[in-house]
Structures are given as structure tokens and as C-alpha cells.
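S.K.: got a structure for you, letters missing:
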């Protein structure tokens, strides 16, 4: 019977950070002990691993890509990486692997083959945004990326708001940075003035800004020139006052 190593899920920075500011020592030491990684993007992964202690050893590390374009057949072939007890690290572009991230397919494959999966501690932009929002932290949903097409996105925003009204859930969603301001514009157009919206941008960075206010308050801010810009951002919406 084949002896497999383990799959370590290694959180990465959400932006420009010092390793000790956001990652526990155990996470850093575990990552630095590995010589094989499955990563979403090679350049970003090399820069991250260099920053946490592998500078000068990067050329000795084996990298394999897993992103939205990776064929299923190639992902399935990654089982061989774990043979003979070899441990492998999974690194996302930012934050937690396998959460709003294509790396989830490798985690699923590992479970199907009896390969142990070990999640390590690190920053989650979603949970940090919810913590700081002042909204319902006992019942919430992550909606991922909303539709790209404007009409579909507006329809989805109305559905999310309606769900929040009926369930009391906080609704968390994200957007590609260059569409942040378009997303905010659609929220102002589609949602009730009293609906609460939290915008958390540049989480864990020196430029971090997190603010919660009613949609009417955001409309006033936008009229006075407020823009999110192309910053990594998490939106948290709550249309219910019942926490």
C-alpha cells in the first residue's frame, strides 16, 4: 500500500506585510520545512516563500501550478507528489488556501485518496471583515464573487438583501479590485437606504480602512467624492437589525 505524505494548507499575506505581523511561527516553520508546493501563481508564491525564510533556497523547491485554467487531469496527477511520504504545501494568491480559491480541488482530491489535510493558521480577510463590521457574527453567509454582468449582479444584490431581511444573516461578498466602485454604485442603486454595508479594504495592511454605515450614508460619501479604488476589499451587508 502506497504511503502518502500530508497536504499542508499554508495561508499567505493579504498584502505587503512582515511575516511575523500576520503569520504564527508554526505556520512559517512548517512552510520552510517543505520542498514541494502547489501554488496559484508562481511569481507570487516565490516572493511569499522568500519573505518568510526561504530566500536563497527557492531554486531547490519544486513548484506546480493550480489555477482556474489547470485541467482536471493535471490536478489528478498531483497525487504522485505525495508518494513515499512526501509532504506538500498548498499556497493561494492571498489569504487562506481553498477558500474562494481553486486549490479546493486539490484538497478534495487529497481526501478521496486518504491523504491527510492539515490547515495552518493565518489571516482570513472574510472573517476579519466580519469581525470588524459590527454585524451578525452568529449567522452569516459567504456569497463569493457576484455576477460580472451588471443586470445579473443587480439582481443578485437584491436577492442577497432579501435573504438578509428574512434570515437576519450577514452577507459577505468580494469583487475584483478594479470593479469595486462599480459594485458600490450598484449597491447604492439596488439596496434600501437603511441596509447596513461594511467596506473593509486593505485588511492587515498599513492602509487598512474598515467602515460600516447605512447605504444612505455611503451614498452621501460617494456624492462627496469617496471611492474605494483598486484595493483588495470585502463587502458585508446586513438588512436586518436582529442580531
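M.R.: Perfect, thanks for sending it. Since the structure is predicted, the reported quantities are computational estimates derived from the model, not experimental observations.
S.K.: shouldn't residue 115 be in contact with residue 80?
M.R.: No. Using CB atoms under 8 Å, residue 115 is not in contact with residue 80, being 11.4 Å away. For glycine as for every other residue, the C-beta is placed from the backbone atoms N, C-alpha and C.
S.K.: more neighbours, the two?
M.R.: Remark: of residue 115 and residue 80, residue 115 carries more neighbours, 19 against 11, as counted by other CB atoms under 10 Å.
S.K.: for the more buried one, what are its contacts?
M.R.: Residues near residue 115 by CB atoms under 8 Å, 6 or more residues apart in numbering: 4, 5, 6, 7, 79, 82, 109.
S.K.: change it to 10 Å
M.R.: The contact partners of residue 115, taken as CB atoms under 10 Å, 6 or more residues apart in numbering, are 4, 5, 6, 7, 79, 81, 82, 87, 88, 106, 107, 109.
S.K.: and the gap between the residue nearest to it when sequence neighbours are not counted and residue 163?
M.R.: Spatially, and ignoring its direct neighbours in sequence, residue 115 is nearest to residue 4 (4.7 Å; CB to CB, 6 or more residues apart in numbering). Separation of residue 4 from residue 163 (CB to CB, to the nearest Å) stands at 41 Å.
S.K.: Give me the more crowded residue out of the two.
M.R.: Comparing residue 4 with residue 163 by neighbour count (other CB under 10 Å), the higher total belongs to residue 4, at 21 against 17.
S.K.: Would you mind confirming that that one is in contact with residue 112?
M.R.: No. The criterion here is CB atoms under 10 Å, and residue 4 misses it with residue 112 at 11.8 Å.
S.K.: quick one: common contacting residues for these two?
M.R.: residue 79.
S.K.: Roughly how far does residue 218 sit from residue 109?
M.R.: 42 Å.
S.K.: cool, residue 26 as well?
M.R.: Applying CB to CB, the value for residue 26 to residue 109 is 25 Å.
S.K.: Looking at those two now, which is surrounded by more residues?
M.R.: Using other CB under 10 Å as the criterion, residue 26 and residue 109 rank with residue 109 on top: 18 against 10.
S.K.: For the protein, name the helix or strand with the lowest mean pLDDT.
M.R.: Using mean pLDDT, DSSP states H and E, helix 19-22 stands out as the lowest-scoring helix or strand of the chain, at a mean of 81.
S.K.: Noted, bye for now.
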